[in-house]
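J.: using only what follows, build the 3D model:
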Amino acid sequence: MLRGRGWLVAAAAIVAGALALRLWGLRHGLPYVYNADENAHFVPRAIGMFGHSYNPDYFVNPPAFTYLLHVAFDLRFGGRAGVGEAMATDRTSVFETARLVAALLGTLAVALLMWAGRRLNGGAVGLIAGGLLAVAFLPVHYAHLALNDAPTLAPACLALLGVATIYRHNGYGGYAIAGLALGVACATKYTAGILVLTIVAAALATPVPGPRIRGLLLAGVLALVGFVVANPFAVLDFDAFRDGLSHQSEASGDGGGKLGLSTDSGIVYYLGTATWGLGWLPALAALGGAIGLTVRDRRLALVLVPAPVAFLVFMGTQDRFFARWLLPVYPLLCLLAAWAVVATAAWLAPRLRVRTALVAGALGVLLCVQGLVFSIHNDVVLARPDTRRLARDWMVANVPIRSKVVVEPFVPAAWAADAQSVREGTGNGFRWNKWPTTRAPDALGGGVIRLEDYERTTRPALLGAYARGGFCWVVTGSTQYGRAYAEPRAVPEALRYYAALERDAKLVYEVRPDGGGSGRLPFSYDFSFNAYPLSYGRMGPEVRIYRLSGGRC
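T.: Residues are numbered from 1 along each chain as shown. Below is the predicted model:
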């Protein structure tokens, strides 16, 4: 097996590859930020801290990543005035900086996982586990976004380094690393708390004598310290913190209100996402590793197996589920898969009369192929103009400024704004006068419409209202109307609306992510928002633009 300098060279190559995959396509979509969570959560709140206290006044997501972005913006733009000017004149630079932080943390996670794997079970396990995390589709894709999913992996993998140190040496240093890292990980994403199971298991299962109980107490104290340091207002504004946690819990149980989320079993769903988010072979290898460890090394199995199983059951029994929510246990799955590869290589090598290192390396590369292929494809696609950008370019060329338009809520508000609008005095900076699609009609009680509920308020009568008001252009996107077609019985009026639109209006422009594809794109909360399907040539939904007639049109 690789040792010393050879191991370091291989590890450095894996880290370099991981960084390249995470930087390629980093500017996708900009200056428009199409991911609703990226547009609403961490970047705006990090900037807001320049104008008020460090209390985020928001705890649905913990604020550690927000604080880190605040520091990055201060260093990059020189404080409040600089970042304010950048947001007004160069949003690309702001979100590119935030995404760079996420990409670097995602890469750091790869390095830390290799170190943890090496300490836990040898250099080959470390390299293979790190290689899997480096190329796996979901960790790579979400490292391109200024969200807390990929950044959480860095402290999570540091916690696993502490776990490995506890298991192999059982000294206070391992407990200190594991506890502090766990606290920071939880202050970045609450669900990283599942790693507490691995820390406790390492203390109970380690064959090395040492301070088990006192070590766990130290880890617990430092976890609290790490959490409070990275999330101080969880203590200083405890009521708001408690309300944020309650809201997060309610949101995860609101599956019935998420139109288009048609999967019934969360456990089956998450098992399915592992086959593409991590990869078929890595997922099967992780399963094999869990079974093999349980048979051959029950102490180590106690450390690595319970947390992924418990997390799968917990997340799978919620009402709402998204593939990225499983990311906190991906490092553990990579370690299990790597153990299976090395164990298989040790069994095969004598029979093939080949060095074990060569067999392990070949099997490790084989496990990385799917992730590498799909991650490279995703990066290629991210680097190309988005369908929403192409649709906007067409509208700039064909829809006069100040025209009245209806744009479904699948693009951010800034999509309709530009410098020319300001110069020509449109009043609000928007190029076109938009129908208020985020306000419910009075007949339906008024109020703000949630993104997920737009299709519930759509009905054929709206087309007449558009035309009478002079709103003659209608822009639709498959990430909205796809929800209606995914659950037709839930929104029959929406289907009648789209049928009337296709029948009575003229389709003047259409662009698809799959180029020359045909038929309606199936809606998926995963593949509608990433470029995993190899048929996709660019990011974004199918966009259709119609021209109405009648009324004032």
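J.: so what's the residue count around Val71?
T.: 12 (other C-beta atoms under 10 Å). All C-beta atoms are positioned from the backbone trio N, CA, C, and that covers glycine.
J.: before we move on, what about the one 3 residues further on?
T.: Asp74: 16 surrounding residues under other C-beta under 10 Å.
J.: again, but for Gly266
T.: 20.
J.: now it: closest residue in space, sequence neighbours ignored.
T.: Gly316 (3.5 Å; C-beta to C-beta, 6 or more residues apart in numbering).
J.: spit out the contact partners of the one you found.
T.: By C-beta atoms under 8 Å, 6 or more residues apart in numbering, the contact set of Gly316 is Ser265, Gly266, Ile267, Val268, Tyr269, Tyr270.
J.: how about the nearest residue to the third one, chain neighbours excluded?
T.: The shortest distance from Ile267 to any non-neighbouring residue, by C-beta to C-beta, 6+ apart, is to Gly316 (3.4 Å).
J.: against Leu287, how distant is that neighbour?
T.: Distance of Gly316 to Leu287, computed by C-beta to C-beta, to the nearest Å: 16 Å.
J.: likewise Thr387?
T.: In terms of C-beta to C-beta, Thr387 sits 37 Å off from Leu287.
J.: buried set for the helix or strand where Val101 lies?
T.: Here Val101, judged by DSSP states H and E, is contained in helix 91-121. Buried residues in helix 91-121, counted by 16 or more other C-beta atoms under 10 Å: 91, 93-121.
J.: next structured bit after that helix?
T.: helix 123-135.
J.: output the contacting helices and strands for that following helix.
T.: helix 4-23, helix 91-121, helix 330-352, helix 356-382 (3 or more C-beta pairs under 8 Å, 6 or more residues apart in numbering; DSSP states H and E).
J.: what pLDDT, on average, does stretch 6-17 get?
T.: Averaged across stretch 6-17, pLDDT comes to 95.
J.: buried ones in it?
T.: Trp7, Ala10, Ala11, Ile14, Val15, Gly17.
J.: in the stretch 401-550 of the chain, which spans are strands?
T.: 404-407, 433-434, 473-477, 506-511, 543-547 (DSSP state E, counting those that start in this stretch).
J.: those: lowest mean pLDDT?
T.: strand 433-434 (a mean of 90).
J.: returning to that earlier point: most tightly surrounded among the strands of the stretch 401-550 of the chain?
T.: Counting by mean count of other C-beta atoms under 10 Å, strand 473-477 has the highest mean neighbour count of these, with a mean of 23.
J.: quick check: angle from that strand to strand 543-547?
T.: 160 degrees (axes from the mean of the first three to the mean of the last three C-alpha atoms, to 10 degrees).
J.: what's the distance between strand 473-477 and the middle of its chain?
T.: When C-alpha coordinates are averaged (C-alpha atoms, centre = their mean, to the nearest Å), strand 473-477 and its chain have centres 27 Å apart.
J.: contacts for it, please.
T.: By C-beta under 8 Å, 6+ apart, strand 473-477 touches 388, 391, 395, 399, 403-408, 410-411, 432, 463, 466, 498, 501, 505, 541-548.
J.: returning to that earlier point: just the buried members of the contacts of Gly316?
T.: For those, buried by 16+ other C-beta under 10 Å: Gly266, Tyr269, Tyr270.
J.: wait, the second one sits on Thr263?
T.: Yes - with contact defined as C-beta atoms under 8 Å, Tyr269 reaches Thr263; the gap is 4.6 Å.
J.: between these two, which contacts overlap?
T.: Common neighbours of Tyr269 and Thr263 (C-beta under 8 Å, 6+ apart) are Phe321.
J.: for the residue minimising distance to the centre of the chain, what are its contacts?
T.: The chain has Tyr142 as the residue nearest its centroid, 4.1 Å off, counting by C-alpha atoms, centre = their mean. Neighbouring residues of Tyr142 by C-beta under 8 Å, 6+ apart: Ala102, Gly106, Asp149, Ala150, Arg324, Leu327.
J.: let's see that with 10 Å instead.
T.: For Tyr142, the contacting residues are 22, 35, 102-103, 106, 148-153, 277, 323-324, 327, 530, by C-beta atoms under 10 Å, 6 or more residues apart in numbering.
J.: tell me the confidence at Gly253?
T.: pLDDT, read off for Gly253, is 57.
J.: likewise Pro441?
T.: 62.
J.: least trustworthy helix or strand in the protein by mean pLDDT?
T.: None of the helices or strands of the chain scores lower by mean pLDDT, DSSP states H and E than helix 419-423, at a mean of 61.
J.: neighbours around Leu180, how many?
T.: 25.
J.: do the same with Asn55
T.: With other C-beta under 10 Å as criterion, Asn55 counts 14.
J.: then Ala146?
T.: Counted with other C-beta under 10 Å, Ala146 comes out at 27.
J.: and it, that one's in a strand?
T.: No - if the criterion is DSSP: H, G, I helix; E, B strand; the rest coil, then Ala146 is coil and not within a strand.
J.: measure the residue nearest to it when sequence neighbours are not counted to Gly130 for me?
T.: Leaving aside its sequence neighbours, Ala146 sits nearest to Ala98 (C-beta to C-beta, 6+ apart; 3.6 Å). For Ala98, the distance to Gly130 equals 25 Å [C-beta to C-beta].
J.: which elements pack onto the host helix or strand of Val303?
T.: Using DSSP H and E, the element containing Val303 is helix 298-304. Here helix 298-304 touches helix 91-121, helix 149-169, helix 196-205, helix 280-296, helix 330-352, going by 3 or more C-beta pairs under 10 Å, 6 or more residues apart in numbering; DSSP states H and E.
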